[in-house]
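Visitor: curious how this folds, go ahead:
(6 chains)
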There are 4 protein chains.
Amino acid sequence: MPTKVAPDPSRRSETARRAILAAALDLVGKVGYAKLTIEGIAQAAGVGKQTIYRWWPSKGPLFFDAFLTLAGDGEAAALPDTGDLAADLKLVLSATVDELNDLGFDQTMRALHTEIVHDPNLAADYATRLDGPMRELKKERLRSAQRAGQLAEDVDLDVAVDLIWGPVLNRWLHRTAPLTSDYACQVVDTALRGLQPR
Amino acid sequence: MPTKVAPDPSRRSETARRAILAAALDLVGKVGYAKLTIEGIAQAAGVGKQTIYRWWPSKGPLFFDAFLTLAGDGEAAALPDTGDLAADLKLVLSATVDELNDLGFDQTMRALHTEIVHDPNLAADYATRLDGPMRELKKERLRSAQRAGQLAEDVDLDVAVDLIWGPVLNRWLHRTAPLTSDYACQVVDTALRGLQPR
Amino acid sequence: MPTKVAPDPSRRSETARRAILAAALDLVGKVGYAKLTIEGIAQAAGVGKQTIYRWWPSKGPLFFDAFLTLAGDGEAAALPDTGDLAADLKLVLSATVDELNDLGFDQTMRALHTEIVHDPNLAADYATRLDGPMRELKKERLRSAQRAGQLAEDVDLDVAVDLIWGPVLNRWLHRTAPLTSDYACQVVDTALRGLQPR
Amino acid sequence: MPTKVAPDPSRRSETARRAILAAALDLVGKVGYAKLTIEGIAQAAGVGKQTIYRWWPSKGPLFFDAFLTLAGDGEAAALPDTGDLAADLKLVLSATVDELNDLGFDQTMRALHTEIVHDPNLAADYATRLDGPMRELKKERLRSAQRAGQLAEDVDLDVAVDLIWGPVLNRWLHRTAPLTSDYACQVVDTALRGLQPR
DNA sequence: CCGTAAACGAGACGGTACGTCCAGTCTTCTC
DNA sequence: GAGAAGACTGGACGTACCGTCTCGTTTACGG
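Guide: Model (predicted):
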């Protein structure tokens, strides 16, 4: 006996859907995630609140959806492969650092991160839709490096990816110290070379 | 012309302070951080709301304070140093993994993490009061390893710490995959050896 | 340039119409007039909301229509005429009192009354379709009494009707005191005899 | 185990209370009772909605309270007593007719009436606070008439009051016909003389 | 030892947003 | 083309907390 009947997606208004997602993303940039409200989104999108509640359970998944739909599409660019693994990684990681230092992007990404951290469902969704594909590209570049003899054969590529990108993400999140390209390069070098003496 | 006079800390009721901090920490475990409210804390602590607002600006710093005061005391234990760096790191990191897999601790830590991520002031406070001392202990162990010839002399110890602890924290936060001791050990081995072939 | 074209009554579905009226009357008895909603009626009648809005402007007239159509038909019974005016009036008025004391009927009648009070159009409709015919029957009985010499020749029959039925209606509406047959009889006696000493 | 604790009336803000009552009465005159909303009242009174809900359960009792408090005070004037009962009653009833024909007052009174009709608690309250005292004044005038030999000794005064005022109220409510002073006079004459021939 | 000033508990206040319900309109698909 | 179904904008509902603001009531210090 379901109390709440699921709405029929085939009748869904695409206009309203896009207006809502766009308004959500727009407002996060303007007022920040903490002050983002369903009411505000509805108003900005010219939509009744019920239309939001009909399709999303709450602010988190809505924002998440907005991000993935509007910001996440067409992310399929492969990592550069010049033959020099260290240089390529430094380039990519520096670009990431620059993005994260952009104030608008920073705010949006922190909001996204928080939702992921608190909602396992969103985390799974994120893993499938964004992190998974990105990680595959990263691993592809590392596999290429293995073929070129620049990466040990027996390294677990997931661990390798974590080793390179993890520290940067953490420094960004916790603001332990300023997040710079230099730091990114240091991480790459250290990860590649290892901590032990050689 | 200050409209708001600062309260006199010397007259502060220690009873009320501890009751508030205890109630805050207790409630986070019970209802989760999202449903933690000042009103709820006040009621649970048997305290007027004003008494909370007099001493803390908002929920975040209050919870942060509660965590540091009640959970963070007596953290001063040095890392084990058996002479085998890899083994010691694996031991410590596995213990961390176990803690993070504890449901109550997990929830509290995620709340703490979120506050840090969103409030630079708290991030600074956290760096000073918790992360700083811990990091110093970690670096101390690494310095010892350098003296023992188990760690390259020219490695930046901050980067080293990030390389070892960062991946574990990230996997915990994003739930990319189950967080296990095995993973922790893999990270330690890979970080020490480096990604390049030797 | 009328935006809204009137629907063609000849194509109207009699099935839907009756289902709607029946559902409306049924629901009033179940949930009360205040909680009666167009949406609820549509659902109970197995009818689209638009079908209701096509034929009725709002809840009030719809309910009014429902009442007149389903409860008001066949009201054409003349008042008893045994030759004893007082006895006949007491009989009729006591019956009315009993009806009004019936809980279901009471609720429905109060709803009807409220609509009439607030909407002059409905009041006119009511006067034409229900109150008018009823009043005519009452006056007919009074005219008969005049012919029998039981009622003064120069009495305005409308005023007479008001004098007899008005007090009962008011006591019912305002619940000044319990509505009983005794009261009805007292009203009849007093109205017939007059307030002045004789 | 009461879920909802009663608020402490001694801490109640008299300012807010009066602002709310005034706003309610004011808005009824402006937008009508049907479009009177708690939200509107709160806004007009410069008050939080909770402050309304803290002290009144819903729109009905609030409006009722507003009417009694602001319009009902100082109603203690006795009915005129010139010695001529019929004349005095006609005067009073004509004044009532005039009031009821005033558009603003009409709307407010209909709203009040509806609330009384639908809520027995309000009916009781009304009987105690407004109708009771008024009725007592009316009966006092009638008693005086009895002493003067203008009213039969054995007439039930409550019934007498109903006989005189009831018809006017009904005609006003149902708009059976225009409500005029003439009608009021007719009612008085007929009630006094009685319907029977003399 | 007592007056007094600050912190305290309690909780009412003006607000904001919540999530729900329903009004009345619009759209789509069926009979 | 009327009707069923139901998604849409809009707006009020009643609730939960926010952060501010009195209230009396302790509490502890200085005269």
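Visitor: distance of A:Leu36 from A:Leu27?
Guide: 5 Å (CB to CB, to the nearest Å). Where you see a C-beta, it was placed from the backbone N, CA and C, and this is true even at glycine.
Visitor: isn't A:Phe105 right up against A:Glu99?
Guide: Yes. In this structure A:Phe105 lies within contact range of A:Glu99 using CB atoms under 8 Å: 5.4 Å.
Visitor: which ones are touching whatever residue of chain A ends up closest to DNA strand F?
Guide: Closest approach between chain A and DNA strand F, counting by CB to the nearest atom of the strand: A:Gly48, at 2.8 Å. For A:Gly48, the contacting residues are A:Ala42, taking CB atoms under 8 Å, 6 or more residues apart in numbering or on different chains as the criterion.
Visitor: per-residue confidence for it?
Guide: Listed pLDDT for A:Gly48 reads 97.
Visitor: isn't A:Arg12 up against A:Ile20?
Guide: No. The pair A:Arg12 / A:Ile20 is not scored as a contact, 11.1 Å apart, by CB under 8 Å.
Visitor: the helices in chain A, which residues?
Guide: A:14-31, A:38-45, A:49-55, A:59-66, A:85-101, A:103-118, A:120-126, A:132-147, A:157-174, A:181-193 (DSSP state H).
Visitor: chain C: which of those helices is closest?
Guide: helix A:49-55 (13.0 Å; CB to the nearest CB).
Visitor: break chain A down into its structural domains.
Guide: Partitioning chain A according to automatic domain parsing yields domains covering residues A:9-67, A:85-193.
Visitor: turn those domains into a markdown table, columns for distance to C:Asp131.
Guide: Compiled in a markdown table, the domains of chain A are given as follows (distance: least, CB to CB, whole Å):
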| stretch | distance to C:Asp131 |
| --- | --- |
| domain A:9-67 | 42 |
| domain A:85-193 | 63 |
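Visitor: go through those and pick out the most buried.
Guide: Here the criterion is mean neighbour count by mean count of other CB atoms under 10 Å in any protein chain shown, and of those the winner is domain A:85-193, at a mean of 18.
Visitor: give the rounded mean pLDDT of it.
Guide: Mean pLDDT, computed over domain A:85-193, is 93.
Visitor: in this structure A:Gly60 contacts A:Pro120, no?
Guide: No. A:Gly60 is not in contact with A:Pro120 according to CB under 8 Å; the separation is 11.8 Å.
Visitor: would you mind listing what in chain A touches DNA strand F?
Guide: Remark: the part of chain A in contact with DNA strand F comprises A:7-8, A:11-13, A:16-17, A:19, A:46-51, A:54-55, using CB under 7 Å from any atom of the strand.
Visitor: of those residues, which are in range of DNA strand E?
Guide: Taking CB under 7 Å from any atom of the strand as the test, DNA strand E is in contact with A:11, A:48-50 out of the residues of chain A next to DNA strand F.
Visitor: by proximity to chain D, which residue of chain A wins?
Guide: Evaluated by CB to the nearest CB, chain A has A:Glu39 as its residue closest to chain D, separated by 14.0 Å.
Visitor: any idea how far B:Arg54 is from that residue?
Guide: A:Glu39 sits 31 Å away from B:Arg54 when distances are taken as CB to CB.
Visitor: ok now do A:Ile116, which residues does it touch?
Guide: For A:Ile116, the set of contacting residues under the criterion of CB under 8 Å, 6+ apart consists of A:64, A:122-123, A:126, B:173-174.
Visitor: ignore what I typed, I meant A:Trp165.
Guide: With contact taken as CB under 8 Å, 6+ apart, A:Trp165 is in contact with A:93, A:96, A:138, B:170.
Visitor: excluding chain neighbours, give the residue nearest to the closest residue to chain B within chain A in space.
Guide: For chain A and chain B, the shortest gap (CB to the nearest CB) falls at A:Gly194, measuring 2.2 Å. Closest residue to A:Gly194 apart from its sequence neighbours, by CB to CB, 6 or more residues apart in numbering or on different chains: B:Gly194 at 2.2 Å.
Visitor: what is the burial count for the one you found?
Guide: Residue neighbour count, defined by other CB atoms under 10 Å in any protein chain shown, stands at 23 for B:Gly194.
Visitor: hang on, the earlier thing: make JSON lines out of the helices of chain A and add distance to D:Ser181.
Guide: Conversion of those to JSON lines gives the following (distance: least, CB to CB, whole Å):
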{"stretch": "helix A:14-31", "distance to D:Ser181": "60"}
{"stretch": "helix A:38-45", "distance to D:Ser181": "54"}
{"stretch": "helix A:49-55", "distance to D:Ser181": "53"}
{"stretch": "helix A:59-66", "distance to D:Ser181": "64"}
{"stretch": "helix A:85-101", "distance to D:Ser181": "84"}
{"stretch": "helix A:103-118", "distance to D:Ser181": "72"}
{"stretch": "helix A:120-126", "distance to D:Ser181": "74"}
{"stretch": "helix A:132-147", "distance to D:Ser181": "86"}
{"stretch": "helix A:157-174", "distance to D:Ser181": "83"}
{"stretch": "helix A:181-193", "distance to D:Ser181": "94"}
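Visitor: out of the ones you listed, which comes closest to C:Ser181?
Guide: When those are ranked by distance to C:Ser181, counting by CB to CB, first place goes to helix A:49-55 at 51.9 Å.
Visitor: centre of the chain versus that closest one, how much separation?
Guide: Chain-centre distance of helix A:49-55: 25 Å, with CA atoms, centre = their mean, to the nearest Å.
Visitor: before I go, just wanted to say thanks for your time.
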